[in-house]
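Chemist: Sequence plus the predicted model coming up.
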Amino acid sequence: MSNRLAAATSPYLLQHAENPIDWYPWSPEAFAEAARRDVPILLSIGYAACHWCHVMAHESFSDADTAAQVNAGFVAIKVDREERPDIDAVYMAATQAMTGQGGWPMTCFLTPVGEPFHCGTYYPPTPRHGMPAFRQLLDAVMTAWTQDGERVRTAAGEIAGRLADGAAASLPAAAVDMHVLDRAAGTLGAGFDSRYGGFGGAPKFPPSMALEFLLRHHERTGSPDALRHASVTAERMARGGMYDQLAGGFARYSVDERWVVPHFEKMLYDNALLLRAYAHLARISGAALPRRVAQDTAAFLLRDLRTPEGGFASALDADTDGVEGLTYAWTPRQLREVLGDDDGAWAATLLSVTAEGTFEHGSSTLQLLADPDDAARWERVRADLLAARARRPQPACDDKVVSSWNGMAILALAEAGAGLGQPEWVAAAERAAELVLDLHVVDGRLRRSSRGGAVGAAAAVLEDHACLADALLALHQATGQARWLTAATGLLDLALERFATGDGMFFDTADDAEALLHRPREITDNASPCGSSALVNALVTASVLVADGGRYRDAAEAAMRGAGTLMEKHPRFAGHWLTAAEAAVRGPLQVAVTGADDPARATLLAHARHVAAGGTVVVAGEPDAPGVPLLADRPLVAGAAAAYVCRGFVCDRPVTTVEELTASLVLRP
């Protein structure tokens with residue numbers, strides 16, 4: 001049978017379109033049907049690349065008997081958390097409040113008005129590890145609903161009220177200055193794993209935003225610890241099994257402390273954030289490894305995640321044919337079959353592929369714990385293994401284009417492309433930005449996602465506006481084109497108008513968005529930046545790019561005060577906030593390079609991009625170029641190209657040589 005999901009644009013919903021369960025998408029019709037039948041709602045939330053979502057779909061949602069039970073007693077709603085992060089946030093808060101943990105698949109039971117009364121995550125088809133079978137849970141919920149429905153409704157209403165109160169709560173405001181940033185770096189350092197890198201124990205997620213903060217902190221203060229913590233973590237991640245040693249790109253996280261065994265899904269946002277961090281480290285250190293990882297990660301984005309329309313797909317699946325890691329893991333015998341005995345044995349040693357294995361069924365993930373002793377041999381072996389891997393079954397691709405995640409990719413490609421001299425990365429970023437602005441903006445308002453050139457109905461949330469605006473500001477700097485600055489400030493102005501809380505912070509949904517149980521407001525950075533920290537980064541950058549930037553600076557500082565306690569006390573969950581704060585404490589630093597489009601200007605510009613600290617705003621063009629306020633009143637010097645370096649509202653004298661520019665870019669405490 002085909003249910004109501006067949007017309008969805010979400011790949012995750014389409015995965016369930018042939019289930020025997022009569023799924024509804026999130027819609028007024030679903031709630032109206034639950035009210036008409038006076039039955040509870042089964043809300044299932046997941047995403048296309050989620051391993052355990054696939055498992056539960058196979059075990060339960062594809063089972064005819066389970067489906068009959070669901071269809072008889074519930075109205076079933078399926079939601080893609082990536083398409084509707086607002087719904088996910090509301091019910092994740094409920095799940096965490098009820099169970100003390102969260103995750104996907106998320107399984108919630110609601111009243112017909114959407115109030116939750118029982119929440120959990122994955123449920124097996126038979127009782128296991130203290131968990132009831134899914135069908136047992138369905139029985140228990142239906143018994144409670146039919147025999148004690150009034151108490152269930154009352155309890156659900158009380159839960160909804162407490163969740164709304166919790167969403168409205170805020171931390172004490174605290175000023176953010178260099179001392180707060182010093183203490184945040186110290187707190188991160190106290191949790192640093194000196195042996196394997198990273199912060200805390202297993203499972204280990206890539207701390208991309210914390211790395212960017214530490215690199216900026218080192219550049220401002222000269223802290224050797226900040227640079228060491230960032231460098232060691234970056235190297236350990238890049239040498240382990242979480243990084244794809246053959247094709248580039250990072251998996252979602254490592255299940256162990258040594259970065260050996262990944263959860264194999266590859267997310268766009270992880271790779272965008274890590275590309276930015278590795279490119280930044282490459283500029284600071286000049287080392288070969290971070291530059292190689294940045295290049296290979298960019299290549300992965302452009303080769304494996306770019307859609308035919310020019311945007312970037314959301315993810316590659318964790319599973320292949322229902323088996324996690326099937327595409328990526330190797331045995332010594334498989335290496336010999338592809339490479340022959342000599343190269344196979346050499347590759348097994350180089351890549352830590354053992355008879356015992358580091359993964360499942362005696363297979364191993366590929367690690368590159370040391371650089372190969374024969375670079376040419378490695379490139380040949382790598383190419384042969386990659387070609388053999390391409391003949392294996394491949395993981396599915398979630399090819400929807402999400403505004404915020406594309407914003408992260410655009411920013412990373414524009415910034416890294418400019419800083420490392422890769423113009424093709426900048427060109428790809430421009431193409432993706434054009435797609436999002438042309439397709440995702442409908443009647444003047446941004447939408448969340450599209451697929452195959454068809455835009456979805458879901459409204460954009462704060463992170464979409466913020467990440468896209470930040471990306472367009474990076475494109476403006478990389479290209480000098482005023483159109484990107486205009487588009488960015490339009491998004492920022494709308495965010496300030498539609499998402500503000502009134503106390504200096506921001507909601508995740510607009511004031512005219514669909515009303516949910518409560519209006520979500522997240523301030524912690526998790527796998528990706530929260531909308532508020534992303535917005536503050538963009539506001540800080542924009543504040544020195546436009547003529548009336550003071551209002552952007554005021555809004556950024558108010559929000560940073562609201563998150564000041566979080567930054568100081570819990571820096572692992574405030575990496576993107578701290579990144580913005582580092583730039584704000586510095587000014588941020590501004591470099592305006594003026595002159596004709598000639599080799600002299602190009603030399604100064606390339607040097608500024610390579611040497612300037614992270615968060616520095618760098619723009620080039622002819623003096624008084626229209627639409628580019630940072631170039632106003634920046635004349636040539638004796639008819640030659642010149643660079644103006646400013647900190648806040650104070651500018652150094654213009655310089656005309658790279659030596660003078662280097663001296664001017666030395667950051668002062």
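Modeler: Received the coordinates, thanks.

Chemist: could you say which helix or strand contains the closest residue to residue 132 other than its chain neighbours?
Modeler: In space, and not counting its chain neighbours, residue 132 is closest to residue 123: 6.8 Å by CB to CB, 6 or more residues apart in numbering. Bear in mind the C-beta positions are built from the backbone N, C-alpha and C, glycine included. Applying DSSP states H and E as the criterion places residue 123 outside every helix and strand.

Chemist: Please apply the same query to residue 592.
Modeler: strand 589-594.

Chemist: Now for residue 43: which residues touch it?
Modeler: Residue 43 is in contact with 77, 79, 91, 106, 107, 108, 109, 110, counting by CB atoms under 8 Å, 6 or more residues apart in numbering.

Chemist: just checking, the second one touches residue 88?
Modeler: Yes: proximity of residue 79 to residue 88 meets the contact threshold set by CB atoms under 8 Å, at 7.0 Å.

Chemist: Which neighbours do those two have in common?
Modeler: residue 45.

Chemist: Now for the nearest residue to residue 348 once chain neighbours are set aside, how many residues are close by?
Modeler: Leaving out its chain neighbours, the residue that sits closest to residue 348 by CB to CB, 6+ apart is residue 332, at 4.8 Å. Applying other CB atoms under 10 Å, we find 19 residues neighbouring residue 332.

Chemist: still on that earlier bit, list the helices and strands the strand holding residue 592 packs on?
Modeler: helix 599-611, strand 617-621, strand 642-647, helix 658-665 (3 or more CB pairs under 8 Å, 6 or more residues apart in numbering; DSSP states H and E).

Chemist: Give me the residues contacting that strand.
Modeler: 544, 601, 604-605, 608, 612-613, 615-623, 630-631, 634-636, 641-647, 661, 665, 667.

Chemist: Make a PyMOL selection of the buried ones in those residues.
Modeler: Filtering the contacts of strand 589-594 down to the buried ones (16 or more other CB atoms under 10 Å) takes a single PyMOL command:
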select buried, resi 544+601+604+605+608+612+613+615+616+617+618+619+620+621+622+630+631+634+636+641+642+643+644+645+646+661+665+667
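
Chemist: Quick one: neighbours of the residue nearest to residue 132, just the number.
Modeler: 20.

Chemist: And residue 50, by the same measure?
Modeler: The burial count for residue 50: 27, using other CB under 10 Å.

Chemist: Just the pLDDT at it, thanks.
Modeler: For residue 50, the pLDDT comes out at 88.

Chemist: what does the longest helix anywhere in the chain rub up against?
Modeler: Counting residues, the longest helix found in the chain (DSSP state H) is helix 149-168. Residues outside helix 149-168 that contact it (CB under 8 Å, 6+ apart): 90, 93-94, 97-98, 110-111, 115-117, 144-145, 517-521.

Chemist: Now with 7 Å, please.
Modeler: 93-94, 97, 111, 115-117, 144-145, 517-521 (CB atoms under 7 Å, 6 or more residues apart in numbering).

Chemist: Please pick the buried ones from these.
Modeler: 93-94, 111, 115-117, 144-145, 517-521.

Chemist: Leaving out chain neighbours, which residue sits closest to the residue nearest to the spatial centre of the chain?
Modeler: In the chain, the centroid-proximal residue (CA atoms, centre = their mean) is residue 269; its distance is 3.1 Å. Excluding the flanking residues, the one nearest residue 269 by CB to CB, 6+ apart is residue 528, at 4.3 Å.

Chemist: where are the low-confidence patches of the stretch 1-150 of the chain?
Modeler: Applying pLDDT under 70 to the stretch 1-150 of the chain flags residues 1-2.

Chemist: what ranges do the helices span in it?
Modeler: 11-15, 28-37, 51-56, 64-73, 85-99, 134-147, 149-168 (DSSP state H, counting those that start in this stretch).

Chemist: Tell me how far residue 434 lies from residue 136.
Modeler: 52 Å (CB to CB, to the nearest Å).

Chemist: next SSE after the host helix or strand of residue 189?
Modeler: Counting by DSSP H and E, the element that carries residue 189 is helix 178-190. Next helix or strand after helix 178-190 toward the C-terminus (DSSP H and E): helix 208-221.

Chemist: May I see the buried residues of that following helix?
Modeler: Quick answer for helix 208-221 (16+ other CB under 10 Å): 208-221.

Chemist: ok, of these, which one's closest to residue 309?
Modeler: Residue 309 lies nearest to residue 208 out of the buried residues of helix 208-221, by CB to CB, at 26.3 Å.

Chemist: show me what contacts the closest one?
Modeler: 270, 273, 274, 277.

Chemist: contacting residues around the closest residue in space to it that isn't next to it in sequence?
Modeler: Distances taken as CB to CB, 6+ apart put residue 273 closest to residue 208, at 3.7 Å, once the chain neighbours are dropped. Neighbouring residues of residue 273 by CB under 7 Å, 6+ apart: 208, 209, 408.

Chemist: Please produce CSV containing the residues you listed, extended by distance to residue 454.
Modeler: Formatted as CSV, those follow (distance: CB to CB, whole Å):
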residue, distance to residue 454
208, 31
209, 32
408, 22
